[in-house]
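Peer 1: Build me a structure from this.
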Amino acid sequence: MLRYLIQVVENLLATGILIALLWALVNKGGEGSRKRRALWGNAIGTGAALILAVLRRTTALISRGFFNTWTLTAAIIFGIFFILFQWELLRKPLKRMPFFKKRPLLAEAVPDYVSAVLMGALLFYALPTLFLYPTEFALAGESIFTTDFLFKLIGFSAGLLTVILIALALYKAGKALPEKFLKILLTAALAVNICNQGIVIVQFLLARRIIPMIRWIFRIIVAAANNNIVFLYALMGISFLLPLVLFFTGLKIPAAGKNPAESRKIRAKLRINRRWCATVTAGFIFSVLILTVIKDYTERGVVLSPAEPMTLAGEEIIIPITQVEDGHLHRFVYTASDNTEVRFIVIKKNAVAYGVGLDACDICGPTGYYERKNEVICRLCDVVMNISTIGFKGGCNPVPLAYALRSGSMVIETANLENEKNRFK
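Peer 2: Residues are numbered from 1 along each chain as shown. Coordinates of the predicted model:
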């Protein structure tokens, strides 16, 4: 239950905050056409996300990393365009272009289309994983009428409700504040999100060796990935200024009007605004508890299994095949020349092949893997590994480690581990 509560809040809250702020700004325009375009952007992004989720579930044709990279690239580009349009840095140059000179109405609508595409891209990136969570509640052949399924559903629903309430309260608070202040907060929030999205893209490119592995870039990316939650906290801090300013602004507004009816109307509006402020505050406090105390509690039990014995013969490590042929995860530790402990794992994939790799990956670093219900899980991001792909490059897979089978034993050269010792420092 807690696992899905954490994952929904962690993966969806940033998108919920940005969509709420974008809708609050769209509402400031007051034009029906602007709202319709935003609705179309939301609808197309949600529909495309649902289709992608179905394809991921039913086929092997969809590369998650590929789609995420292109979706985030589009979100970054349109996010930058959105910021430039909001601060009037592109409107005048756009209107001076010959094509738009003849179509002034289209020129006026371009910022709205940019906003709609941005919202669609944000939803297209975040929602497929959300749609797929319920498919994990019960394994193939298991009944949905179980306590375990019910608890998972409760956790998922609680997380989704938390995000929806926070987004709705932020939207209501944003509507009640000046447009310029809302633009400033939205610009700051988008800038934080663009930085986060850029890091995710670089992670993918490094993992696929599309860009060269430069050591200092790798260290920055690993540090950012290991502290990814900081970007979400930054977004929460920025957006929390909305209810904070709204609350203190309300204290300065006189509750007395020209007549009793107007006074009642003012007091009612102030009460509603304060309730939305309280909702955002309570939602953020609950979210922080979920991402800190509750997450720490759920992860406390994840401890890496101890290293197993192995034989060091000269420049080779010898592991009897009988030791690793049970289909479970086996962990080994080699002490390098500078006393760095280099961990590696072995698991039998099928009758003729073994998955052998470092207990680290290009994305999450040396956090390690553990076994849960016959599945290999990344300790940092909780991603389930496809056991058949262990030993191959890509994604969150363990960094491949060369091995040979000889005389009933697995043989690994220590030189390969020496070359990788910097990953574990």
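
Peer 1: What's the local residue count around residue 306?
Peer 2: Neighbour count of residue 306, defined by other C-beta atoms under 10 Å: 7. C-beta coordinates here come from the backbone N, C-alpha and C atoms, glycine included.

Peer 1: typo on my end, residue 17
Peer 2: Residue 17 has 26 nearby residues by other C-beta under 10 Å.

Peer 1: ok, it touching residue 236?
Peer 2: Yes: checked against C-beta atoms under 8 Å, the pair residue 17 and residue 236 is within contact range at 7.1 Å.

Peer 1: neighbours of the nearest residue to residue 385 once chain neighbours are set aside, just the number please.
Peer 2: Leaving aside its sequence neighbours, residue 385 sits nearest to residue 376 (C-beta to C-beta, 6 or more residues apart in numbering; 4.2 Å). Number of residues near residue 376 (other C-beta under 10 Å) recorded here: 21.

Peer 1: pretty sure residue 376 belongs to a strand, no?
Peer 2: Yes: assessed by DSSP: H, G, I helix; E, B strand; the rest coil, residue 376 belongs to a strand.

Peer 1: distance of it from residue 329?
Peer 2: Separation of residue 376 from residue 329 (C-beta to C-beta, to the nearest Å): 6 Å.

Peer 1: Overlap in contacts, those two.
Peer 2: 347, 369-370 (C-beta atoms under 8 Å, 6 or more residues apart in numbering).

Peer 1: Filter those down to the ones in strands?
Peer 2: 347, 369-370 (DSSP state E).

Peer 1: quick one: the helices in the stretch 251-400 of the chain?
Peer 2: 260-289, 295-299 (DSSP state H, counting those that start in this stretch).

Peer 1: do the stretch 101-250 of the chain as well
Peer 2: All helices of the stretch 101-250 of the chain, identified by DSSP H, counting those that start in this stretch, fall at 104-132, 147-175, 179-207, 215-226, 229-239, 241-252.

Peer 1: what's near enough to touch residue 425?
Peer 2: Residue 425 touches residue 340, counting by C-beta under 8 Å, 6+ apart.

Peer 1: How about residue 389?
Peer 2: 355, 397.

Peer 1: Quick check, pLDDT for it.
Peer 2: Looking at residue 389, its pLDDT is 81.

Peer 1: What residues sit buried inside the helix or strand of the chain with the lowest mean pLDDT?
Peer 2: Every helix and strand of the chain was ranked by mean pLDDT, DSSP states H and E. The lowest is helix 215-226, at a mean of 74. Residues of helix 215-226 classed as buried under the neighbour-count rule (16 or more other C-beta atoms under 10 Å) are 218, 221-222, 224-225.

Peer 1: Tell me which other helices or strands that helix touches.
Peer 2: Where contact means 3 or more C-beta pairs under 8 Å, 6 or more residues apart in numbering; DSSP states H and E, helix 215-226 is packed against helix 179-207.

Peer 1: quick check, distance from the helix it packs on to the centre of its chain.
Peer 2: Relative to its chain's centre, helix 179-207 lies at 12 Å (C-alpha atoms, centre = their mean, to the nearest Å).

Peer 1: Show me which residues of it are buried.
Peer 2: Using 16+ other C-beta under 10 Å as the test for burial, helix 179-207 gives 182-183, 185-190, 192-194, 196-197, 199-204, 206-207.

Peer 1: In contact with the nearest residue to residue 106 once chain neighbours are set aside, which residues?
Peer 2: Among residues not flanking residue 106 along the chain, residue 100 sits closest, at 6.3 Å (C-beta to C-beta, 6+ apart). For residue 100, the contacting residues are 94, 106-107, 110, by C-beta under 8 Å, 6+ apart.

Peer 1: Could you say which helix or strand holds residue 100?
Peer 2: helix 98-101 (DSSP states H and E).

Peer 1: Could you list the low-confidence segments of this protein?
Peer 2: 29-31, 60, 62, 138-143, 207, 251, 253-258, 299-302, 381-382, 395 (pLDDT under 70).

Peer 1: Walk me through the domains of it.
Peer 2: 2-299, 311-424 (automatic domain parsing).

Peer 1: now for those, which one comes closest to residue 305?
Peer 2: When the domains of the chain are compared by C-beta to C-beta, domain 311-424 sits nearest residue 305, at 5.4 Å.

Peer 1: gap between the two ends of that closest one?
Peer 2: With C-alpha to C-alpha, to the nearest Å applied, domain 311-424 spans 21 Å between its terminal residues.

Peer 1: With distance to residue 88 as extra columns, can I get the buried residues of helix 215-226 in CSV?
Peer 2: Output for the buried residues of helix 215-226, formatted as CSV (distance: C-beta to C-beta, whole Å):
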residue, distance to residue 88
218, 40
221, 35
222, 39
224, 32
225, 36
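
Peer 1: Looking at those, which is nearest residue 385?
Peer 2: Nearest to residue 385 among the buried residues of helix 215-226, with distances taken as C-beta to C-beta, is residue 225, at 16.9 Å.

Peer 1: Hmm, that closest one is touching residue 199, no?
Peer 2: Yes: using C-beta under 8 Å, residue 225 is in contact with residue 199, at 7.0 Å.

Peer 1: Please give me every residue in contact with the nearest residue in space to residue 242 that is not next to it in sequence.
Peer 2: Nearest residue to residue 242, sequence neighbours excluded (C-beta to C-beta, 6+ apart): residue 173, at 4.5 Å. Shown in contact with residue 173 (C-beta under 8 Å, 6+ apart): 24, 242-243, 246, 273, 276-277, 280.
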